[in-house]
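Enquirer: pasting a predicted model and its sequence here:
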Amino acid sequence: MQMLYNSDSYVVVQFDVPGASEDAAPRRGGFEIVDKLARKEIFIEGAVAESFQRGVQELVRQGPNEEVIDDYIAGFTALAQQPVVLH
């Protein structure tokens, strides 16, 4: 688990789970995106996670801009249904 992004509006954490054995199973993982203002989160994996990662890498390549990155992340959090619950 690695925190990749933290703004006033969003947190993005990457999860990388190794397979059962290094040779047999591919690695699994994804991204948890927390919308702090809406208090909801979403976990994306597979093709959606790969698309998200490529998009973020392109935005960073163009020059980090928190507002632009937050707008990009908002497109993914629009699907968030899981409420954030603090214990």
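Expert: Now that the structure is in, tell me what you want to look at.
Enquirer: which strand or helix spans the residue nearest in space to the middle of the chain?
Expert: Nearest to the mean C-alpha position of the chain, by CA atoms, centre = their mean, lies Phe31 at 3.5 Å. In this structure, Phe31 sits in strand 28-35 according to DSSP states H and E.
Enquirer: ok, Asp70 next?
Expert: Asp70 is part of helix 66-77 when elements are defined by DSSP H and E.
Enquirer: and that helix, what does it pack onto?
Expert: Secondary-structure packing of helix 66-77 (3 or more CB pairs under 8 Å, 6 or more residues apart in numbering; DSSP states H and E): strand 10-17, strand 28-35, strand 40-45, helix 46-62. Every C-beta, even on glycine, is put in place using the N, C-alpha and C of the backbone.
Enquirer: listing partners with orientation, what would you give for the strand holding Phe31?
Expert: Sheet pairing here is set by DSSP bridges, and for strand 28-35 it gives strand 10-17 (antiparallel), strand 40-45 (antiparallel).
Enquirer: next one: the first one to chain centre, how far?
Expert: Shown here is strand 10-17, whose average C-alpha point lies 5 Å from the average C-alpha point of the whole chain (CA atoms, centre = their mean, to the nearest Å).
Enquirer: how about it: buried residues?
Expert: By 16 or more other CB atoms under 10 Å, the buried positions in strand 10-17 come out as Tyr10, Val11, Val12, Val13.
Enquirer: cool, and the last one?
Expert: Residues of strand 40-45 classed as buried under the neighbour-count rule (16+ other CB under 10 Å) are Lys40, Glu41, Ile42, Ile44.
Enquirer: what residues does the last one make contact with?
Expert: To tie it back to what came earlier, the one meant is Ile44. Neighbouring residues of Ile44 by CB atoms under 8 Å, 6 or more residues apart in numbering: Gly30, Phe31, Ile33, Phe52, Phe76.
Enquirer: swap in the second one?
Expert: Taking CB under 8 Å, 6+ apart, we find Glu41 in contact with Glu32, Ile33, Val34, Asp35, Ala80, Gln82, Pro83, Val84.
Enquirer: Asn6: which of those is nearest?
Expert: Val34 (9.4 Å; CB to CB).
Enquirer: so the closest one is in contact with Ser9, correct?
Expert: No - contact between Val34 and Ser9 fails when scored by CB atoms under 8 Å: they sit 9.5 Å apart.
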